[in-house]
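# have a look at this prediction, sequence included:
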Number of protein chains: 2
Amino acid sequence: MAANDFSEIARQFVEFYYNQFDSDRKGLASLYREQSMLTFESGSVLGAGPIVEKLSSLPFEKVKHQVSTLDSQPTVEGGILILITGALLVDEEQRPMNFTQAFQLMRDPSGGYFVFNDIFKLIFG
Amino acid sequence: MAANDFSEIARQFVEFYYNQFDSDRKGLASLYREQSMLTFESGSVLGAGPIVEKLSSLPFEKVKHQVSTLDSQPTVEGGILILITGALLVDEEQRPMNFTQAFQLMRDPSGGYFVFNDIFKLIFG
(Lines give C-alpha, C1' and ligand atoms only; values in the text may rest on other atoms or scores of the structure.)
Protein backbone atom coordinates (compact mmCIF):
# COMPACT_ATOMS: atom_id res chain seq x y z
CA MET A 1 0.00 0.00 0.00
CA ALA A 2 1.44 3.35 -1.01
CA ALA A 3 1.71 5.67 1.99
CA ASN A 4 0.01 8.48 0.07
CA ASP A 5 -3.06 6.49 -0.85
CA PHE A 6 -5.31 8.39 1.52
CA SER A 7 -8.55 6.75 0.43
CA GLU A 8 -7.18 3.25 1.05
CA ILE A 9 -5.81 4.31 4.45
CA ALA A 10 -9.20 5.82 5.29
CA ARG A 11 -10.99 2.62 4.32
CA GLN A 12 -8.66 0.44 6.38
CA PHE A 13 -8.88 2.81 9.36
CA VAL A 14 -12.69 2.81 9.33
CA GLU A 15 -12.89 -0.97 9.07
CA PHE A 16 -10.45 -1.37 11.96
CA TYR A 17 -12.10 1.35 14.07
CA TYR A 18 -15.65 0.01 13.98
CA ASN A 19 -14.58 -3.63 14.34
CA GLN A 20 -12.60 -2.62 17.44
CA PHE A 21 -15.44 -0.41 18.73
CA ASP A 22 -17.99 -3.17 18.31
CA SER A 23 -15.84 -5.86 19.97
CA ASP A 24 -13.91 -3.98 22.69
CA ARG A 25 -14.09 -0.20 22.96
CA LYS A 26 -11.16 -0.02 25.40
CA GLY A 27 -8.91 -1.22 22.60
CA LEU A 28 -9.42 2.11 20.79
CA ALA A 29 -7.00 3.84 23.18
CA SER A 30 -4.01 3.29 20.87
CA LEU A 31 -5.71 5.35 18.12
CA TYR A 32 -5.87 8.56 20.18
CA ARG A 33 -3.21 10.88 21.63
CA GLU A 34 -3.12 13.54 24.35
CA GLN A 35 -4.19 16.27 21.87
CA SER A 36 -7.05 14.21 20.38
CA MET A 37 -10.58 15.56 20.74
CA LEU A 38 -13.87 13.66 20.70
CA THR A 39 -17.28 15.27 20.36
CA PHE A 40 -19.91 12.62 21.06
CA GLU A 41 -23.37 14.03 20.54
CA SER A 42 -23.11 17.35 22.45
CA GLY A 43 -20.20 16.71 24.81
CA SER A 44 -16.48 17.10 24.06
CA VAL A 45 -13.51 15.47 25.76
CA LEU A 46 -9.77 15.92 25.20
CA GLY A 47 -7.09 13.24 25.36
CA ALA A 48 -6.86 9.49 24.80
CA GLY A 49 -7.69 8.58 28.43
CA PRO A 50 -10.87 10.65 28.78
CA ILE A 51 -11.98 9.70 25.25
CA VAL A 52 -11.78 5.96 25.89
CA GLU A 53 -13.40 6.46 29.30
CA LYS A 54 -16.27 8.27 27.56
CA LEU A 55 -16.66 5.62 24.86
CA SER A 56 -16.50 2.79 27.41
CA SER A 57 -19.17 4.42 29.58
CA LEU A 58 -21.81 4.54 26.82
CA PRO A 59 -24.93 2.80 28.10
CA PHE A 60 -25.08 -0.24 25.83
CA GLU A 61 -23.47 -3.66 25.91
CA LYS A 62 -23.75 -4.79 22.31
CA VAL A 63 -23.19 -2.43 19.42
CA LYS A 64 -22.80 -2.83 15.67
CA HIS A 65 -21.83 -0.08 13.22
CA GLN A 66 -22.89 -0.49 9.59
CA VAL A 67 -21.12 1.86 7.19
CA SER A 68 -23.29 3.19 4.33
CA THR A 69 -20.89 5.76 2.82
CA LEU A 70 -17.23 6.60 3.38
CA ASP A 71 -15.54 9.61 1.80
CA SER A 72 -12.07 10.99 2.41
CA GLN A 73 -9.85 13.90 1.42
CA PRO A 74 -6.19 14.74 2.07
CA THR A 75 -5.69 17.60 4.54
CA VAL A 76 -2.72 19.66 5.77
CA GLU A 77 0.49 18.07 7.12
CA GLY A 78 -0.32 14.70 5.57
CA GLY A 79 -3.60 14.34 7.40
CA ILE A 80 -6.79 12.69 6.14
CA LEU A 81 -10.38 13.86 6.63
CA ILE A 82 -12.99 11.08 6.65
CA LEU A 83 -16.78 11.45 6.62
CA ILE A 84 -18.94 8.41 7.30
CA THR A 85 -22.68 7.91 7.23
CA GLY A 86 -24.18 4.71 8.53
CA ALA A 87 -26.46 2.93 10.92
CA LEU A 88 -25.99 1.80 14.51
CA LEU A 89 -27.66 -1.18 16.19
CA VAL A 90 -27.43 -1.36 19.98
CA ASP A 91 -28.35 -4.21 22.35
CA GLU A 92 -31.68 -5.84 21.46
CA GLU A 93 -33.05 -2.84 19.60
CA GLN A 94 -34.30 -3.87 16.14
CA ARG A 95 -34.40 -0.44 14.52
CA PRO A 96 -31.04 0.97 13.49
CA MET A 97 -30.24 4.62 14.26
CA ASN A 98 -28.64 6.70 11.52
CA PHE A 99 -25.35 8.39 12.37
CA THR A 100 -22.65 10.50 10.79
CA GLN A 101 -19.05 10.69 11.97
CA ALA A 102 -16.11 12.83 10.91
CA PHE A 103 -12.51 11.84 11.68
CA GLN A 104 -9.33 13.71 10.98
CA LEU A 105 -6.29 11.46 11.05
CA MET A 106 -2.85 13.04 11.52
CA ARG A 107 0.59 11.45 11.38
CA ASP A 108 2.78 11.12 14.44
CA PRO A 109 6.60 11.42 14.18
CA SER A 110 6.91 7.68 13.49
CA GLY A 111 4.71 8.09 10.41
CA GLY A 112 1.73 6.24 11.85
CA TYR A 113 -1.73 7.76 11.91
CA PHE A 114 -3.76 8.75 14.96
CA VAL A 115 -7.17 10.35 15.43
CA PHE A 116 -6.78 14.10 15.93
CA ASN A 117 -10.49 14.99 15.52
CA ASP A 118 -13.56 12.80 16.05
CA ILE A 119 -17.14 14.11 15.87
CA PHE A 120 -20.03 11.66 16.18
CA LYS A 121 -23.69 12.59 15.69
CA LEU A 122 -26.90 10.61 15.62
CA ILE A 123 -29.30 11.73 12.88
CA PHE A 124 -32.96 12.19 13.71
CA GLY A 125 -35.83 12.86 11.37
CA MET B 1 -14.99 38.24 18.64
CA ALA B 2 -11.80 36.63 19.89
CA ALA B 3 -9.86 35.12 17.00
CA ASN B 4 -9.49 31.85 18.88
CA ASP B 5 -13.18 31.39 19.50
CA PHE B 6 -13.47 28.55 17.01
CA SER B 7 -17.06 27.65 17.80
CA GLU B 8 -18.26 31.21 17.19
CA ILE B 9 -16.27 31.40 13.93
CA ALA B 10 -17.79 28.06 12.88
CA ARG B 11 -21.31 29.30 13.63
CA GLN B 12 -20.82 32.52 11.68
CA PHE B 13 -19.23 30.67 8.76
CA VAL B 14 -22.10 28.17 8.51
CA GLU B 15 -24.74 30.91 8.65
CA PHE B 16 -22.94 32.88 5.94
CA TYR B 17 -22.25 29.82 3.78
CA TYR B 18 -25.82 28.52 3.58
CA ASN B 19 -27.34 31.98 3.20
CA GLN B 20 -24.97 32.58 0.28
CA PHE B 21 -25.57 29.09 -1.16
CA ASP B 22 -29.33 29.51 -1.01
CA SER B 23 -29.34 33.00 -2.57
CA ASP B 24 -26.45 32.92 -5.10
CA ARG B 25 -24.09 29.93 -5.27
CA LYS B 26 -21.58 31.76 -7.47
CA GLY B 27 -20.88 34.06 -4.53
CA LEU B 28 -19.23 31.18 -2.70
CA ALA B 29 -16.09 31.49 -4.85
CA SER B 30 -14.37 33.78 -2.33
CA LEU B 31 -14.51 31.06 0.33
CA TYR B 32 -12.38 28.58 -1.65
CA ARG B 33 -8.74 28.60 -2.83
CA GLU B 34 -6.76 26.69 -5.44
CA GLN B 35 -5.97 23.88 -2.98
CA SER B 36 -9.57 23.53 -1.75
CA MET B 37 -11.32 20.20 -2.35
CA LEU B 38 -15.05 19.50 -2.61
CA THR B 39 -16.60 16.05 -2.48
CA PHE B 40 -20.26 16.35 -3.45
CA GLU B 41 -21.97 13.01 -3.15
CA SER B 42 -19.48 10.71 -4.94
CA GLY B 43 -17.53 13.16 -7.09
CA SER B 44 -14.52 15.27 -6.05
CA VAL B 45 -13.21 18.50 -7.57
CA LEU B 46 -10.14 20.58 -6.72
CA GLY B 47 -9.86 24.38 -6.77
CA ALA B 48 -12.17 27.35 -6.31
CA GLY B 49 -13.12 27.59 -10.00
CA PRO B 50 -14.16 23.95 -10.54
CA ILE B 51 -15.86 23.87 -7.12
CA VAL B 52 -18.10 26.84 -7.84
CA GLU B 53 -18.76 25.50 -11.33
CA LYS B 54 -19.87 22.20 -9.78
CA LEU B 55 -22.09 23.90 -7.18
CA SER B 56 -23.61 26.21 -9.80
CA SER B 57 -24.43 23.28 -12.10
CA LEU B 58 -26.53 21.40 -9.54
CA PRO B 59 -29.93 20.72 -11.09
CA PHE B 60 -32.19 22.87 -8.95
CA GLU B 61 -33.21 26.51 -8.98
CA LYS B 62 -34.44 27.10 -5.46
CA VAL B 63 -32.67 25.58 -2.46
CA LYS B 64 -32.93 26.03 1.29
CA HIS B 65 -30.58 24.50 3.88
CA GLN B 66 -31.92 24.01 7.40
CA VAL B 67 -29.21 23.33 9.99
CA SER B 68 -30.19 20.84 12.70
CA THR B 69 -26.83 20.41 14.45
CA LEU B 70 -23.49 22.18 14.19
CA ASP B 71 -20.37 20.95 15.99
CA SER B 72 -16.80 22.18 15.66
CA GLN B 73 -13.31 21.42 16.91
CA PRO B 74 -9.96 23.18 16.56
CA THR B 75 -7.52 21.42 14.22
CA VAL B 76 -3.85 21.84 13.28
CA GLU B 77 -2.37 25.17 12.13
CA GLY B 78 -5.30 27.15 13.51
CA GLY B 79 -7.87 25.31 11.43
CA ILE B 80 -11.44 24.45 12.40
CA LEU B 81 -13.33 21.23 11.67
CA ILE B 82 -17.11 21.65 11.38
CA LEU B 83 -19.73 18.89 11.13
CA ILE B 84 -23.30 19.81 10.22
CA THR B 85 -26.46 17.73 10.00
CA GLY B 86 -29.57 19.22 8.50
CA ALA B 87 -32.29 19.13 5.90
CA LEU B 88 -32.40 20.39 2.34
CA LEU B 89 -35.46 21.61 0.46
CA VAL B 90 -35.14 22.01 -3.31
CA ASP B 91 -37.51 23.64 -5.80
CA GLU B 92 -41.15 22.70 -5.19
CA GLU B 93 -40.37 19.45 -3.37
CA GLN B 94 -42.24 19.32 -0.05
CA ARG B 95 -40.20 16.60 1.65
CA PRO B 96 -36.82 17.70 2.95
CA MET B 97 -33.77 15.46 2.33
CA ASN B 98 -31.41 14.87 5.23
CA PHE B 99 -27.77 15.77 4.68
CA THR B 100 -24.48 15.89 6.52
CA GLN B 101 -21.55 18.13 5.61
CA ALA B 102 -18.01 18.40 6.95
CA PHE B 103 -15.88 21.52 6.42
CA GLN B 104 -12.32 22.15 7.40
CA LEU B 105 -11.48 25.85 7.50
CA MET B 106 -7.84 26.90 7.35
CA ARG B 107 -6.28 30.37 7.69
CA ASP B 108 -4.63 32.13 4.81
CA PRO B 109 -1.59 34.41 5.35
CA SER B 110 -3.85 37.43 5.95
CA GLY B 111 -5.46 35.61 8.88
CA GLY B 112 -8.80 35.06 7.15
CA TYR B 113 -10.41 31.65 6.87
CA PHE B 114 -11.07 29.67 3.73
CA VAL B 115 -12.55 26.24 3.04
CA PHE B 116 -9.78 23.67 2.68
CA ASN B 117 -12.02 20.56 2.83
CA ASP B 118 -15.72 20.23 2.02
CA ILE B 119 -17.58 16.90 1.97
CA PHE B 120 -21.35 16.88 1.38
CA LYS B 121 -23.51 13.76 1.62
CA LEU B 122 -27.23 13.15 1.40
CA ILE B 123 -28.52 10.67 3.98
CA PHE B 124 -30.91 7.96 2.89
CA GLY B 125 -32.81 5.50 5.02
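Everything's here; your move. Not measured: the values here are computed from a predicted model.

# for chain A, what lies in contact range of chain B?
Residues of chain A lying close to chain B by C-beta under 8 Å from any C-beta of the partner chain are A:37, A:39, A:42, A:44, A:68-69, A:71, A:73-77, A:79, A:81, A:83, A:85, A:87, A:98, A:100, A:102, A:104, A:106, A:116-117, A:119, A:121, A:123-125. Every residue, glycine included, has its C-beta placed from N, CA and C.

# next step: those residues restricted to strands.
Within the residues of chain A next to chain B, residues falling in strands by DSSP state E are A:37, A:39, A:44, A:68-69, A:71, A:73-74, A:81, A:83, A:85, A:87, A:98, A:100, A:102, A:104, A:106, A:116-117, A:119, A:121, A:123.

# out of these, which end up buried?
The neighbour-count test (16 or more other C-beta atoms under 10 Å in any protein chain shown) marks A:37, A:39, A:44, A:69, A:71, A:73-74, A:81, A:83, A:85, A:87, A:98, A:100, A:102, A:104, A:106, A:116-117, A:119, A:121, A:123 as buried among these.

# what about chain A, any weak spots by pLDDT?
For chain A, the stretches with pLDDT under 70 are A:1-4, A:125.

# so which residues make contact with the helix of greatest length in chain A?
The single longest helix within chain A, with elements called by DSSP state H, is helix A:6-23. With C-beta atoms under 8 Å, 6 or more residues apart in numbering or on different chains as the test, helix A:6-23 has contacts from A:1-2, A:27-28, A:31, A:55, A:63-65, A:67, A:70, A:72-74, A:80, A:82, A:84, A:103, A:105, A:113.

# ok, of these, which come out buried?
Neighbour counting by 16+ other C-beta under 10 Å classes A:28, A:31, A:55, A:65, A:70, A:72-74, A:80, A:82, A:84, A:103, A:105, A:113 among the contacts of helix A:6-23 as buried.

# out of these, who's nearest chain B?
The closest of the buried ones among the contacts of helix A:6-23 to chain B turns out to be A:Gln73 (C-beta to the nearest C-beta; 4.9 Å).

# since we're on A:Glu77, how many residues are nearby?
Per other C-beta atoms under 10 Å in any protein chain shown, the neighbour tally for A:Glu77 reads 10.

# taking the buried ones among the contacts of helix A:6-23 together, which two end up most distant?
The largest separation in those, counting by C-beta to C-beta, is between A:Leu55 and A:Pro74 at 26.8 Å.

# what about stretch A:105-118, how long is it end to end?
End-to-end distance for stretch A:105-118, by C-alpha to C-alpha, to the nearest Å: 9 Å.

# what of stretch A:101-120?
End-to-end distance of stretch A:101-120: 4 Å, with C-alpha to C-alpha as the criterion.

# likewise stretch A:52-71?
Start to finish, the residues bounding stretch A:52-71 are 25 Å apart (C-alpha to C-alpha).

# can you give the distance of that stretch from its chain's centre?
The chain centre lies 8 Å from the centre of stretch A:52-71; the measure is C-alpha atoms, centre = their mean, to the nearest Å.

# and the longest helix of chain A, which residues are buried?
In terms of neighbour count (16+ other C-beta under 10 Å), helix A:6-23 has its buried residues at A:Phe6, A:Ile9, A:Ala10, A:Phe13, A:Val14, A:Tyr17, A:Tyr18, A:Gln20, A:Phe21.
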